[in-house]
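Novice: just coords:
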C-alpha cells in the first residue's frame, strides 16, 4: 500500500467529515476494494443509516453518552453496525424496549430492521399493553427483563390455579394453537387473554409445547397447592403423562447420553435397569421418552435376570454380497467385458473403459454364461460390481457442431474475389466490422503478464460495469475505429456507429461504394429486417452504394478485424480494468501495424427486438439485390447507378 494514499485520505476527511466509498474511489483513482483496505489500515466507522454508505475515520466522531454521533443527519455508532447497536441498547435495558423507545434512542425509526432481527432470532419480543417489548437474545438477560416486566405490573403472572388450568389445557389439546386454547379457557370461565397467556408461555420457555418442560412447570405450580398428592391422577390426565412425571430433565439427559455412548451388552443392561426401576409401565415410558426398542428392552431384561449375555455377531448379519453367493460371477463378467476394452487414451489414469453398458452385460451373462434372472442381481448392483472390477464407463462426447456447410467453399471464393476487386478500384472502400466479447470492468485478472505486479481478486464476482465493443477496421490503411457501449449491440447501434464514422471516411477517401465484411451474426444478418432497413436508409441518405459480404458460418475468425481483437487482448490482458476510464485509455494506447486507433464511448440506449412486418420489409427488399444461390451472404444496395457496374459478377 502506497504511503502517499495513507496521507492523502486524512486530508480528504479534513475537507468533509463523511465520504461515500465510490467518491473516495474516483478521487484516488483506486478500486473500491483498495479504498476499503486503506480505510481499514487507518481505522474507520461506517454509518448505521443510509444503508451504511457513509464512512469516517476513527478519530473524527465525537460520540455522546449513548455512543452515537450524528453529522448532517448521518448517524454513526461506537457499538458496530445497526443490528449490533440495537442489540446493545436492548441488552442494557432492564425491562426491554419498545419500538418507540428504540427510535427515540437511535434518533430514527428502526421498525424494518427490528422485524428482520426477529426473523433471524437476533432478538425476541413479547406483547404487553397493546404493543411489543423487544428483549435480549441472551437467556439470562431476557429472563431478568421478563421478571422486571412482571414486577413493574405490565402483565402480572396468573395465579397457581389459573396456571395449572392453562397447562392442563395445553396437555389435553397439544395440536391447538394458542388463540384456540385461549377461547376454550375463556369458555371454561378462566379470566385470561391472548396477551397474558402468550407472555406466561414465553416466561416459562414453553412456547414450542415441549411435553417434558410443560410437565415440569405443571409440577412446579402443583407443589404450591398440594403436598405430594398424585395430582396427575387427580387432574384426570392420561396414564402416559402420569408416568412421565417420574422423569425429570436431568435424569432424561443423563440416560440419553449413556444410551448413546454404550454399545451391545452394556447398553441393553442399562436399558433393563432403567425400565425395572420405573416399575409398572416402564417399558412403554422408556419407548416414548428414549425411543428404545421394546424387543431390545426385553432382551436386556432377560440377560439381566438370567446372567447370560448374548454374543453380538454383527459381521454375520444382513445379506451376503453377490460375489460371495456367486463366486464365478466376477470371472464371467471379465470374460465378457475384457475383449472389447481399451486403455485410457490420455494415459492419466489406470482405468479401463468398456463400450458395453451394464444392461448389455446383464443380457450376455444370461445368453452366454447360462445365468437365470433370479440368480443375477439387479442392474444397479451389477454396475457396482463392474466399477469394483475397474471397468468404468466412458463418458460419451457431445456431438461436435457442424464446421462446414455445403456453401462454404463458394462463399469463400466470392468473398475473396470481392475483396481483391475492392482493393484495386478507386472509390471503393472495404470495411471489416464485428463486435468483441463483453468486457467485465472490475478488479479481475485477464490471465496476462505484468511487470508491475498487478493482482486481481480471487473470485470473479459481479462486475461493476460491462462494456460491449463494436469496431471497424480498414484493411488497406490498417486504421481501426472502436465504439464502446454499456448497453446492447443492436442493429441500430451498428448502423449509428457507421453513420458516426461516415463523415471521416467521406473526408479522407470520398468513396462511392462501401464493402462491409461481416460475420452474419444475429444483429447484422441479412435476414435481420431492422439491419437491412437501416443500411438501406443510410445508403440513400448519404448517396453511397453498399455491398454486404458475409463470411461463412463457423469461419468468422477469417474476418480481418478478428486480428485486431487479438492484438487488443494481448495489449491489455496484463492490466486490471477497474474503471471505464482506464479501459478506454488502454484502448487508445494500442497500435495495429504501427497505426493508432480512434476510440469513442456511446452513451445512448438501444432497444432489442425491433423488427419490421412482412409488408414493411417487402418495400426494402425491392431496394436491395441478393446474389443468386447465396442470397443470405451477399447483398447489394445500389443508389449510384453510375458506379454500379463493377466486375464483381466474375467471382465464381
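Specialist: In hand now; what should we look at? Because the structure is predicted, anything quoted here is derived from the model rather than measured.
Novice: going forward, measure contacts and count neighbours with C-alpha atoms only.
Specialist: Noted.
Novice: hang on, residue 412 packs against residue 550?
Specialist: No: the criterion here is C-alpha atoms under 8 Å, and residue 412 misses it with residue 550 at 9.2 Å.
Novice: Between these two, which has more neighbouring residues?
Specialist: Per other C-alpha atoms under 10 Å, whichever of residue 412 and residue 550 has more neighbours is residue 550, with 25 against 18.
Novice: State whether the more buried one and residue 520 are indeed in contact, as I suppose.
Specialist: Yes: taking C-alpha under 8 Å as the definition, residue 550 is a contact partner of residue 520 at 5.8 Å.
Novice: To what extent is residue 493 buried, counted in neighbours?
Specialist: Residue 493, neighbours per other C-alpha under 10 Å, totals 22.
Novice: Got the phi and psi for it?
Specialist: For residue 493, the backbone dihedrals are phi -60, psi -40 (criterion: degrees, to the nearest 10).
Novice: shift numbering so it begins at 365
Specialist: In the new numbering, first residue 365, that becomes residue 857.
Novice: Spatially nearest residue to it, not counting backbone neighbours?
Specialist: residue 970 (6.8 Å; C-alpha to C-alpha, 6 or more residues apart in numbering).
Novice: Common neighbours of residue 914 and residue 884, please.
Specialist: The contact sets of residue 914 and residue 884 overlap at residue 997 (C-alpha atoms under 8 Å, 6 or more residues apart in numbering).
Novice: what's near enough to touch the residue lying closest to residue 445 once chain neighbours are set aside?
Specialist: Excluding the flanking residues, the one nearest residue 445 by C-alpha to C-alpha, 6+ apart is residue 412, at 5.6 Å. Residues near residue 412 by C-alpha under 8 Å, 6+ apart: 438-441, 445-446.
Novice: My reading is that residue 942 lies in a strand. Confirm?
Specialist: No: under DSSP: H, G, I helix; E, B strand; the rest coil, residue 942 sits outside any strand and is assigned coil.
Novice: Tell me how many other residues surround the residue lying closest to it once chain neighbours are set aside.
Specialist: Nearest residue to residue 942, sequence neighbours excluded (C-alpha to C-alpha, 6+ apart): residue 806, at 4.1 Å. Residue 806 sits with 23 neighbouring residues when counted by other C-alpha under 10 Å.
Novice: wait, residue 806 sits on residue 943?
Specialist: Yes: under the criterion of C-alpha under 8 Å, residue 806 makes contact with residue 943 at 6.6 Å.
Novice: Next, show the common contact partners of those two.
Specialist: Common neighbours of residue 806 and residue 943 (C-alpha under 8 Å, 6+ apart) are residue 395.
Novice: Quick check: can you list the domain ranges of the protein?
Specialist: According to automatic domain parsing, the chain comprises the domains 367-442, 448-513, 521-608, 613-680, 686-757, 772-815+828-1014.
Novice: How about residues contacting the longest strand along the chain?
Specialist: In the chain, taking DSSP state E as the definition, the longest strand is strand 792-805. Applying C-alpha under 8 Å, 6+ apart, the external contacts of strand 792-805 come out as 783, 786-787, 827-840, 853, 873, 875-883, 923-926, 929, 941-944.
Novice: Next step: these restricted to strands.
Specialist: Those of the contacts of strand 792-805 mapping onto strands are 829-838, 877-882, per DSSP E.
Novice: so what's residue 418 bridging to?
Specialist: residue 384 (DSSP bridges).
Novice: Now for it: which residues touch it?
Specialist: Residues near residue 418 by C-alpha under 8 Å, 6+ apart: 382-385, 410-411, 438.
Novice: Which pair of the residues you listed spans the longest distance?
Specialist: Greatest spatial distance in the contacts of residue 418: 385 and 438, 14.8 Å, computed using C-alpha to C-alpha.
Novice: before we move on, back to that, compare the contacts of residue 412 and tell me which has the most neighbours.
Specialist: Neighbour counts for the contacts of residue 412 (other C-alpha under 10 Å) peak at residue 440, which has 28 neighbours.
Novice: Give the rounded mean pLDDT of the helix or strand hosting it.
Specialist: Under the criterion of DSSP states H and E, residue 440 resides in strand 438-441. In this model, strand 438-441 has a mean pLDDT of 92.
Novice: got a list of contacts for the helix or strand immediately after it in the chain?
Specialist: Using DSSP H and E, the helix or strand that follows strand 438-441 towards the C-terminus is helix 446-456. Helix 446-456 is contacted from outside by 412-413, 441, 443, 460-461, 466, 477, 481, 486-487, 498-500, 505, using C-alpha under 8 Å, 6+ apart.
Novice: List the contacts of residue 859.
Specialist: For residue 859, the contact set (C-alpha under 8 Å, 6+ apart) comprises 895, 898-899, 902.
Novice: So which of those are in helices?
Specialist: Secondary structure defined by DSSP state H assigns 895, 898-899, 902 of these to helices.
Novice: Pipe those residues into JSON lines and attach distance to residue 745, pLDDT and neighbour count per row.
Specialist: JSON lines is the format used below for the ones in helices among the contacts of residue 859 (distance: C-alpha to C-alpha, whole Å; pLDDT from 0 to 100; neighbours: other C-alpha atoms under 10 Å):
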{"residue": "895", "distance to residue 745": "59", "pLDDT": "92", "neighbour count": "24"}
{"residue": "898", "distance to residue 745": "64", "pLDDT": "93", "neighbour count": "16"}
{"residue": "899", "distance to residue 745": "65", "pLDDT": "92", "neighbour count": "24"}
{"residue": "902", "distance to residue 745": "69", "pLDDT": "93", "neighbour count": "19"}
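Novice: Make CSV out of those residues and add distance to residue 578.
Specialist: CSV is the format used below for the ones in helices among the contacts of residue 859 (distance: C-alpha to C-alpha, whole Å):
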residue, distance to residue 578
895, 76
898, 79
899, 81
902, 84
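Novice: Out of those, the closest to residue 526 would be?
Specialist: Nearest member of the ones in helices among the contacts of residue 859 to residue 526, counting by C-alpha to C-alpha, is residue 895, at 82.1 Å.
Novice: if we can go back for a sec, quick one: the longest strand of the chain to chain centroid distance?
Specialist: 33 Å (C-alpha atoms, centre = their mean, to the nearest Å).
Novice: May I have the residues that are in contact with residue 558?
Specialist: Counting by C-alpha under 8 Å, 6+ apart, residue 558 makes contact with 542-543, 546.
Novice: now do 10 Å
Specialist: Residues in contact with residue 558, defined by C-alpha atoms under 10 Å, 6 or more residues apart in numbering, are 491, 542-547, 564.
Novice: Which among the residues you listed count as buried?
Specialist: For those, a burial check counting by 16 or more other C-alpha atoms under 10 Å picks out 491, 542, 545-546, 564.
Novice: quick one: which of the residues you listed is nearest to residue 865?
Specialist: Closest to residue 865 out of those is residue 491 (70.8 Å), distances taken as C-alpha to C-alpha.
Novice: Relative to residue 652, how far out is residue 570?
Specialist: 20 Å (C-alpha to C-alpha, to the nearest Å).
Novice: the more surrounded of these two?
Specialist: residue 570 (17 against 13).
Novice: Pull up the gap between the more buried one and residue 555, please.
Specialist: 21 Å.
Novice: Residue 559: which of the contacts of residue 859 is nearest?
Specialist: residue 895 (69.3 Å).
Novice: Tell me which residues touch that closest one, please.
Specialist: Shown in contact with residue 895 (C-alpha under 10 Å, 6+ apart): 854-859, 886-889, 901, 974-976.
Novice: List buried members of these by neighbour count.
Specialist: Among the contacts of residue 895, those scoring as buried are 854-859, 887-889, 901, 976 (criterion: 16+ other C-alpha under 10 Å).
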